[in-house]
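Trainee: here you go, sequence then predicted model.
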Amino acid sequence: MMKELFIPRALLLAVAVYALYTGSNYLLAQPGPAASETVRPLQMEGTMTTKHSHEERALLAGGCFWGVEELIRKLPGVKSTRVGYTGGEVEQPTYEVIKTGTTGHAESIEVVFDPQKLRYEALLRYFFRLHDPTTMNQQGNDRGTQYRSAIFYLSDEQKQTALQVRDELERSKKWKSPIVTEITPAKTFYAAEEYHQDYLQKNPHGYTCHYLRD
């Protein structure tokens, strides 16, 4: 018959404390998630150009981009503008190629704006005032598909707004001829050469065929 093993109560307490202490240290010593495992914030669809929720992007074409940029840049709420080319198939197009009218690109403007100060709808209504949306592939003396009137939408919301504004203007009969402005999904936007950027700021008496129609 085995004798009963006697273990002092003090020894049992010491073992329990030691186990608790070493277990806590083990948990504290475990590494946290690696930087690559950090959860990234969700990005908004299409229209957002940066991580800031107060910036939205628009792509518009209404003839020679010099005059379009010069008028749009003055709108309160516009944060930045760039002129460039979009709507075509050729990658990294240059002005020398664009001006042939064979690439499918349109001279266009990228607008970054604060939607809390300038609604996309208001931007489009202004856009329809600064050019003639009834002339097919032409603004002023400029002719060719690169000078067409177009709205390149970056989200379903922008598409619906563009259709609404265009249809309202059509019904208003403000223009004697039908509006021919394209409303089409955005493609890659390529910034134009530096000498085209802010052209009328650098050349105040330079060519433009754009003005506000009331």
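Mentor: Ah, there it is. Residues are numbered from 1 along each chain as shown.
Trainee: residues touching residue 132, list them.
Mentor: Counting by Cβ atoms under 8 Å, 6 or more residues apart in numbering, residue 132 touches 139, 149, 175, 213. Just so you know, the C-beta spots here come from the backbone N, C-alpha and C atoms, and that holds for glycine as well.
Trainee: try 10 Å this time
Mentor: Residue 132 makes contact with 62-63, 138-140, 149, 175, 177, 179-180, 209-210, 213, according to Cβ atoms under 10 Å, 6 or more residues apart in numbering.
Trainee: which element is the residue nearest in space to the middle of the chain on?
Mentor: Centroid check for the chain by Cα atoms, centre = their mean gives residue 57 as the closest residue, at 3.2 Å. According to DSSP states H and E, residue 57 maps onto strand 56-62.
Trainee: ends of stretch 185-197, how far apart?
Mentor: 24 Å (Cα to Cα, to the nearest Å).
Trainee: state the mean pLDDT of that stretch.
Mentor: Mean pLDDT, computed over stretch 185-197, is 97.
Trainee: cool, and stretch 74-85?
Mentor: 97.
Trainee: okay, buried residues for it please.
Mentor: Buried residues in stretch 74-85, counted by 16 or more other Cβ atoms under 10 Å: 75, 78-79, 81-85.
Trainee: the strands in this protein, which residues?
Mentor: 56-62, 78-86, 106-113, 138-139, 142-143, 149-153, 182-185, 190-191 (DSSP state E).
Trainee: who does the first one touch, helix- and strand-wise?
Mentor: Contacting strand 56-62 under the criterion 3 or more Cβ pairs under 10 Å, 6 or more residues apart in numbering; DSSP states H and E are the following elements: helix 65-72, strand 78-86, strand 106-113, helix 120-130, strand 149-153, helix 156-172, strand 182-185.
Trainee: give the pairing partners of that strand; include direction for each.
Mentor: The pairing partners recorded for strand 56-62 under DSSP bridges are strand 106-113 (antiparallel), strand 149-153 (antiparallel).
Trainee: could you give the angle of that strand to helix 156-172?
Mentor: Taking axes from the mean of the first three to the mean of the last three Cα atoms, to 10 degrees, one finds strand 56-62 and helix 156-172 inclined to each other by 40 degrees.
Trainee: off-centre distance for strand 56-62?
Mentor: Per Cα atoms, centre = their mean, to the nearest Å, the displacement of strand 56-62 from the mean C-alpha position of its chain is 9 Å.
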